[in-house]
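A.B. asks: Structure for the following, please:
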Amino acid sequence: MAKNPKMIAITSGKGGTGKSTISYGLGYTLAKQGNRTLIIELDFGLRCLDLMFGMSGSVKFDLGDVLRGSKKVIDAVTVVPTARNLNILCAPKDPFMTVTAEQVVDICRNIRQYFDYIIVDTGAGINSHVFDIVEQANLILVVTTPDPICIRDATMMSDEFYKRGNKGQRLIVNKLSKKDISNHMINNLDEIIDAVGIQLVGVIPEDFALKEATGKGTPLPPNAPSLAAFDAISKRLSGDQIPLVIK
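C.D. replies: Down below sits the predicted model:
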């Protein structure tokens, strides 16, 4: 049993950046690398992890059962069949339920002994609720796309984290395509890194195979470019010196 699991919060300043997709990919690859991993879905009203993993009919309990007190945390998690070390705790079916930072901390405290990594898929947006929850994490992964609006929102969010003393931040650029650069959406990755002001940990390319897999609930094919990117980021999070390769 894990004594000191790493709690990773995945967040963004704007909806649509692909936070849940990042949670999906990193959870999957961390588990495949032998780490006992749990993804906690906090994006109430946008529950999707069960669909992404092809488990919409097999998730019997969720975070709502835990918050209502009808189930212990360990009894509400569901094992992902395609990754033996991976579990998910889905958001409640009721989109109007709420959770506090204290409740999230309590949930993680009650279940931390069973996992090496706990990934918290937060709600999107710049609000005090998200900040209060994310502050409990060992590492904050800020997700943006090359879109200028997303970059600006990520910058605002990162600045607020720094103001609150949260220095353990890393940047993930999602949905990057060659067209973004050729159409001058951005000039290069350095432009995004400089704007947001935090160290880059990885880039997820625009990948139809990823969109298809999460939409259909089927495993990512072994040759998917996004899978290689997720695998590299997961290894960096585990302390391996993996070079950043962008294709």
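
A.B. asks: what comes up buried for stretch 49-59?
C.D. replies: 49, 50, 51, 52, 53, 54, 55, 59 (16 or more other CB atoms under 10 Å). Any C-beta I mention is one placed from the backbone N, CA and C, and that applies to glycine too.

A.B. asks: Need the pLDDT of the fourth one.
C.D. replies: It refers to residue 52. As predicted, residue 52 sits at a pLDDT of 95.

A.B. asks: wait, it sits on residue 214?
C.D. replies: Yes. Counting by CB atoms under 8 Å, residue 214 is a contact partner of residue 52 at 4.4 Å.

A.B. asks: how about low-confidence regions in the protein?
C.D. replies: 1-5, 124-129, 180-187, 245-247 (pLDDT under 70).

A.B. asks: Show me where it has its strands.
C.D. replies: 6-11, 37-41, 78-79, 86-89, 117-121, 139-144, 169-176, 200-205 (DSSP state E).

A.B. asks: what is the closest residue to residue 122 other than its chain neighbours paired to in the beta sheet?
C.D. replies: Leaving aside its chain neighbours, residue 122 sits nearest to residue 11 (4.5 Å; criterion: CB to CB, 6 or more residues apart in numbering). Residues in a beta bridge with residue 11, per DSSP bridges, are residue 142.

A.B. asks: In contact with residue 11, which residues are there?
C.D. replies: 19, 122, 124, 130, 134, 140, 141, 142, 143, 157 (CB atoms under 8 Å, 6 or more residues apart in numbering).

A.B. asks: hang on, the earlier thing: now the strands of the chain in TSV, with distance to residue 225?
C.D. replies: Shown next, in TSV, are the strands of the chain (distance: least, CB to CB, whole Å):
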stretch	distance to residue 225
strand 6-11	20
strand 37-41	22
strand 78-79	28
strand 86-89	21
strand 117-121	22
strand 139-144	18
strand 169-176	11
strand 200-205	5
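
A.B. asks: looking at those, which is closest to residue 220?
C.D. replies: strand 200-205 (11.6 Å; CB to CB).

A.B. asks: what angle sits between that closest one and strand 169-176?
C.D. replies: 10 degrees (axes from the mean of the first three to the mean of the last three CA atoms, to 10 degrees).

A.B. asks: going forward can the numbers begin at 12, since that is how I track them
C.D. replies: Renumbered: residue one is now 12, and that last one reads strand 211-216.

A.B. asks: ok, residues contacting strand 211-216?
C.D. replies: 29, 32-33, 36, 152, 181-188, 200, 203-204, 221, 236-237, 240-241, 243-244, 247-248, 255, 257-258.

A.B. asks: which one's the longest helix in this structure?
C.D. replies: helix 159-174 (DSSP state H).

A.B. asks: ok, residues contacting that one?
C.D. replies: Under CB under 8 Å, 6+ apart, the answer for helix 159-174 is 22-25, 27-28, 137, 142, 145, 151, 153-156, 180, 182, 196, 203, 206-209.

A.B. asks: Start and end of stretch 60-79, how far apart?
C.D. replies: Stretch 60-79 has its terminal residues 21 Å apart, counting by CA to CA, to the nearest Å.

A.B. asks: And the helices in the chain?
C.D. replies: Under DSSP H, the chain gives helices at 30-43, 60-63, 74-79, 84-87, 112-122, 139-145, 159-174, 189-193, 200-207, 219-227, 236-248.
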